[in-house]
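Student: I need the structure of the sequence given here:
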Amino acid sequence: MWRRCSESEMVVGSRGEWVVNPPRPPSMLRQVLDNIKHTLLPHPHPNTFSSLKNQPFSKQLSALFHHLFPILASLHNYNAQKLKCDFMAGLTLAIFAIPQCMGNATLAQLSPEYGLYTGIVPPLIYSMLASSREIVIGPGSVDSLLLSSMIQTLKVPINDSISYTKIVFTVTFFAGIFQLAFGLFRFGFLVEYLSQATIVGFLAAAAVGIGLQQLRGLFGIVNFTNKSDLFSVVKAVWIALKNQSAWHPYNFVIGFSFLCFILFTRFLGKRNKKLLWLSHVSPLLSIIVSSVIVYKINLHKHHMKDYRVEVLGPIKGGSLNPSSVKQLTFDGKVVGHLIRIGFTIAIISLTGSIAVARSFASLKGHKIDPNREVVSLGIMNVVGSMTSCYVASGSLSRTAVNYNAGSETMVSNIVMALTVLMSLKFLTGLLYFTPKAILAAIIVSAVPGLIDLNKASQIWKVDKMDFLACSGAFLGVLFASAEIGLAIGMGISFAKIIISSIQPAIAVIGRLPGTDDFGDVQQYPMAVNIPGVLIVSLKSAWLCFANANLVEERIERWVINEKSMDAKGGQRPFVHVIIDASSLTNIDTAGIASLVELNNNLTSRGVKLAIANPRWHVIHKLRLANFVSKIGGRVFLSVGEAVDACLGPKMVAV
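Tutor: Residues are numbered from 1 along each chain as shown. Purely as a prediction, here's the structure:
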């Protein structure tokens, strides 16, 4: 037996109940706790240990260790061949990383040994905790430049290298704390505020800034600016070159010669894969050969200040990283500035590291857990700040070397760190006559890898607003500072979001011929309008104060000014309005108020409002605001069901 259902019974059926009466959404506290749980016990196995309750304690302990230290899982089926690959890759990495670590430390205005310290503890910690199998950790050139340039802007006088080093360790500590919080609470969305376009522009300008800063080492300039903007550096170089006593010509000859050698070996490595090893060892080979040359040049000079070529001089070594816990400073006068610097560096470091990890994981068919990566970076930097290390992150150049060297697991990182440790313990005395110009040349040789002209060109072709953010970040960093450049890039990106959000992201949709699907009538001109029914789709993820009134006005204007076409080509007014809310993930009080006002205005014109496929949080808030009852319960699981209900009373079984 069948009967017609009344209008108020439209959603009483089981399918309507699914929509109107879902379970209560999780609270904010519940979501935060779940985030921490899924970070520590990642999806899809959050309850991995529940199945081990009845297992022996040894198995439970083994499962716990395998989860906390993913490297153990990668060691399953580990054999002598894989160990050989990892060992050779680790040695190759160390040969490549040692000069880079020292060079980046000088870029950060630190003694070279701190770069070596940072090449030991952070890689060891990260290799044990991270899910990545390829990424190589160490001091990065961009992080080093940010540290030196941002700390120099502090309005608190830094009188000596000791106080500067203390500030660097403290900034590293705060950067690690922020990274750890991002991972545990899944605040990774903060990283997304730095759009890819902004990062491309920032890295390109940072690369130029890095190259400009190394002019001091290449020319052996005595008095040089601590600023990284173009005007300040060019002015400092011009003044030094005018005053011949302010720079050392021998420095330039040696530095430029070996820079050409390093770039030439890199060119050969790209042309002939068999010579790739030469590009990897060329930095260390340059240090060895140049040190011998400089020793001969400076042989008869008894004091370092009289050397014709600037050298590193004595480097502390002979032991494992010394503790720096007591060097962390939390002085109220500077701690606010240090937190700000730590936050900025944490974001930049995370963005680059995760991008490198994802890129190389995809090349080998592996998957990484981004939140675990972020937590690992945070722990690594917090511990590093207490063991005489400064900010460490994933290195693109060293990871590429690791990949090309054929590494199998993170054991290559461990081999690299131990090799750097042995070098620090036994070989630092041999680095006394290493010319500063060589370290500058090594850093300059890495600059082209940070400038991605192809990506910038692609951004220009795809999205002009993104290119504006890219250009703003580039020009801001180049002519002002890293902070200003980032602020400009983020500001333009936010402006793009705001402009997009205030636009009434709404479209009229119709049924696609021969299907039960609906599509935008502008995108699909063949879509058929339903007589007497206006179907609109909300394309924004959030109906809020910024766009609610515009959406309401647009729908009312369509209802008033437009008319539907019937099957015979005649015109008839709209009597139903269906809002497809499938793309709407959330709504605020302003959005609800606009829907209430829209319903009142439509009702006064004899038009009925219906909602199709609202998301979980949306329907929950609409129920709390009694909006469902105000529209007579016209809430449907799909647009198709809403259309069927509007075209004629549905038949339900009794």
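Student: CA only for contacts and neighbour counts going forward, please
Tutor: OK.
Student: quick one: the helices in the stretch 301-450 of the chain?
Tutor: 335-363, 370-385, 396-404, 411-426, 436-445 (DSSP state H, counting those that start in this stretch).
Student: contacts for the shortest one?
Tutor: When you say that, I think you mean helix 396-404. Contacting residues not belonging to helix 396-404 are listed as 89-90, 92-93, 96-97, 134-136, 280, 356, 360, 412, 446, 449 [Cα atoms under 8 Å, 6 or more residues apart in numbering].
Student: what is the neighbour count of K461?
Tutor: Residues lying near K461 (other Cα atoms under 10 Å) number 11.
Student: state the three-state secondary structure for it.
Tutor: Taking DSSP: H, G, I helix; E, B strand; the rest coil as the rule, one finds K461 in the helix state.
Student: which residues does it contact?
Tutor: Counted by Cα under 8 Å, 6+ apart, K461 has zero contacts.
Student: circling back to that earlier point, would you mind listing which of the contacts of helix 396-404 are buried?
Tutor: Taking 16 or more other Cα atoms under 10 Å as the criterion, what is buried in those is 89-90, 92-93, 96-97, 134-136, 280, 356, 360, 412, 446.
Student: tabulate the residues you listed (a markdown table), appending secondary structure.
Tutor: As requested, the buried ones among the contacts of helix 396-404 are exported to a markdown table (three-state DSSP):
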| residue | secondary structure |
| --- | --- |
| A89 | helix |
| G90 | helix |
| T92 | helix |
| L93 | helix |
| F96 | helix |
| A97 | helix |
| E134 | coil |
| I135 | coil |
| V136 | coil |
| H280 | helix |
| V356 | helix |
| F360 | helix |
| S412 | helix |
| A446 | coil |
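Student: would you turn those residues into TSV with pLDDT?
Tutor: Shown next, in TSV, are the buried ones among the contacts of helix 396-404 (pLDDT from 0 to 100):
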residue	pLDDT
A89	86
G90	90
T92	83
L93	86
F96	82
A97	87
E134	81
I135	87
V136	90
H280	82
V356	78
F360	76
S412	91
A446	81
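Student: can you tell me which of the contacts of helix 396-404 is nearest F224?
Tutor: Minimum distance to F224 across the contacts of helix 396-404 is 21.9 Å, recorded for A446 (Cα to Cα).
Student: tell me how the chain divides into domains.
Tutor: 71-452, 502-647 (automatic domain parsing).
Student: what mean pLDDT does the shortest one have?
Tutor: Okay, so that is domain 502-647. In this model, domain 502-647 carries a mean pLDDT of 87.
Student: can you tell me which residues contact the nearest residue to A469 once chain neighbours are set aside?
Tutor: Among residues not flanking A469 along the chain, G489 sits closest, at 4.6 Å (Cα to Cα, 6 or more residues apart in numbering). Shown in contact with G489 (Cα under 8 Å, 6+ apart): L194, T198, A469, C470, S471, G472, A473.
Student: how about these in TSV, adding neighbour count, pLDDT and secondary structure?
Tutor: Compiled in TSV, these are given as follows (neighbours: other Cα atoms under 10 Å; pLDDT from 0 to 100; DSSP: H, G, I helix; E, B strand; the rest coil):
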residue	neighbour count	pLDDT	secondary structure
L194	23	68	coil
T198	29	86	helix
A469	31	91	helix
C470	32	92	helix
S471	23	94	helix
G472	25	93	helix
A473	33	90	helix
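Student: and the two most separated of these?
Tutor: L194 and S471 (13.7 Å).
Student: just to revisit the earlier point, looking at the contacts of helix 396-404, which is nearest I579?
Tutor: Using Cα to Cα, the contacts of helix 396-404 come closest to I579 at V356, 42.2 Å.
Student: ok, the nearest residue to the closest one once chain neighbours are set aside to Y250 distance?
Tutor: Nearest residue to V356, sequence neighbours excluded (Cα to Cα, 6+ apart): L396, at 6.0 Å. To Y250, L396 is 32 Å away according to Cα to Cα, to the nearest Å.
Student: those two: which is more packed in?
Tutor: Between L396 and Y250, L396 has the larger neighbour count (other Cα under 10 Å), namely 22 against 18.
Student: and the helices in the stretch 501-650 of the chain?
Tutor: With DSSP H, counting those that start in this stretch as the criterion, the stretch 501-650 of the chain has helices spanning 548-561, 589-604, 616-624, 627-630, 639-647.
Student: name the element the residue nearest to A469 belongs to?
Tutor: helix 482-502 (DSSP states H and E).
Student: give me the angle between that helix and helix 335-363.
Tutor: Helix 482-502 and helix 335-363 are oriented at 70 degrees to each other (axes from the mean of the first three to the mean of the last three Cα atoms, to 10 degrees).
Student: what comes up buried for helix 482-502?
Tutor: In helix 482-502, counting by 16+ other Cα under 10 Å, buried: 482-494, 501-502.
Student: also stretch 308-328?
Tutor: Buried residues in stretch 308-328, counted by 16+ other Cα under 10 Å: 308-313, 315, 317, 321, 324-325, 327-328.
Student: do the same with stretch 235-247
Tutor: In stretch 235-247, the ones that count as buried by 16+ other Cα under 10 Å are A236, V237, A240, L241, A246, W247.
Student: measure the residue nearest the centre of the chain to F69 for me?
Tutor: By Cα atoms, centre = their mean, the mean C-alpha position of the chain lies nearest to T351, the distance being 2.3 Å. T351 is 23 Å from F69, where distance means Cα to Cα.
Student: then G217?
Tutor: For G217, the distance to F69 equals 42 Å [Cα to Cα].
Student: in terms of neighbours, single out the busier of these two.
Tutor: G217 (27 against 18).
Student: any idea what V508 is bridged to?
Tutor: Beta-bridge pairing for V508 (DSSP bridges): V536.
Student: what about it, how many residues nearby?
Tutor: For V508, the count of nearby residues is 19 (other Cα under 10 Å).
Student: residues contacting it?
Tutor: Taking Cα under 8 Å, 6+ apart, we find V508 in contact with D520, V521, L534, I535, V536, S537.
Student: can you redo these as a markdown table with distance to I578?
Tutor: Formatted as a markdown table, these follow (distance: Cα to Cα, whole Å):
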| residue | distance to I578 |
| --- | --- |
| D520 | 14 |
| V521 | 15 |
| L534 | 6 |
| I535 | 5 |
| V536 | 6 |
| S537 | 8 |
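Student: list buried residues within those residues.
Tutor: Buried members of these, scored by 16+ other Cα under 10 Å, are D520, V521, L534, I535, V536, S537.
Student: closest one of those residues to E552?
Tutor: Set against E552, the nearest of the buried ones among the contacts of V508 by Cα to Cα is V536 (11.3 Å).
Student: how far away is that closest one from C544?
Tutor: According to Cα to Cα, V536 stands 17 Å off from C544.
Student: how about I137?
Tutor: The gap separating I137 from C544 is 43 Å, by Cα to Cα.
Student: could you do G476 as well?
Tutor: 33 Å.
Student: also V233?
Tutor: From V233 over to C544 (counting by Cα to Cα), the distance is 47 Å.
Student: what of K242?
Tutor: 61 Å.
Student: do the same with A581
Tutor: 14 Å.
Student: between those two, which one's more packed in?
Tutor: Using other Cα under 10 Å as the criterion, A581 and C544 rank with A581 on top: 24 against 21.
Student: for the more buried one, give me phi and psi.
Tutor: The phi and psi values for A581, taken as degrees, to the nearest 10, are phi -100, psi 20.
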